[in-house]
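Participant: only the shape, not the letters, is given here:
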């Protein structure tokens, strides 16, 4: 356990495969101590690496590089659930995550899966409609990116769950919004 990890333990873990075939993962924790988990900071993420012969036989190790706050967001309020997708052209890894900003998600990107950089601006999601059954813009978790090659090179859908919108009346509604072309990332 690293010193920045709190009583909450590792509460986020999202593996992805690097271009050279090794498995990496973004993992996260809340630093605070029970019962005040967000004091002095909230959610942070760091990197781990799999050593061994595969997901079932290997063992995960923390890289001990410390939390990646500058590559994602400040530790308070932090981020949740960074899900990594490699772009179809194989040039980038894109992490999309919940940021506690209504109607928006955060994005960070990396050329190698090890060194990350935060996109300068949050991605504000647009509602598909405003009638019954629409997806609210109250993002509760970013679920990942889905390539949309029919829309052109570099287009992806953002999959996320949202709460409070339409007839759903709460969290857990699976939603979809189009992400701007990756050339703007």
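Facilitator: Yes, it's here. Model, not experiment: these values are computed from the prediction. Residues are numbered from 1 along each chain as shown.

Participant: CA atoms for contacts and neighbours, from now on please.
Facilitator: Noted.

Participant: chain center to stretch 48-67, what's the gap?
Facilitator: For stretch 48-67, the separation from the chain centroid amounts to 19 Å (computed by CA atoms, centre = their mean, to the nearest Å).

Participant: cool, stretch 103-112 as well?
Facilitator: Its chain's average C-alpha position is 7 Å from that of stretch 103-112, according to CA atoms, centre = their mean.

Participant: now do stretch 19-34
Facilitator: 11 Å.

Participant: distance of the residue nearest to the spatial centre of the chain from residue 117?
Facilitator: Per CA atoms, centre = their mean, the C-alpha nearest to the average position across the chain is that of residue 82, at 1.9 Å. Shown here: residue 82 relative to residue 117, a distance of 13 Å by CA to CA, to the nearest Å.

Participant: before we move on, back to that, quick check: the residue nearest to the centre of the chain touching residue 99?
Facilitator: No. Applying CA atoms under 8 Å, one finds residue 82 not in contact with residue 99, separated by 9.8 Å.

Participant: the residue nearest to the centre of the chain and residue 49: what is the separation?
Facilitator: Residue 82 is 16 Å from residue 49, where distance means CA to CA.

Participant: then residue 60?
Facilitator: On the measure of CA to CA, residue 60 and residue 49 end up 6 Å apart.

Participant: before we move on, what about residue 144?
Facilitator: Counting by CA to CA - residue 144 and residue 49 are separated by 21 Å.

Participant: residue 100 against residue 79, yeah?
Facilitator: Yes. Using CA under 8 Å, residue 100 is in contact with residue 79, at 7.4 Å.

Participant: what about those two, which has more around it?
Facilitator: residue 79 (26 against 17; other CA atoms under 10 Å).

Participant: what's near enough to touch that one?
Facilitator: The contact partners of residue 79, taken as CA atoms under 8 Å, 6 or more residues apart in numbering, are 43, 44, 45, 72, 73, 97, 98, 99, 100.

Participant: okay, now the unreliable bits of the chain?
Facilitator: Applying pLDDT under 70 to the chain flags the ranges 31-41, 126-138, 163-185.
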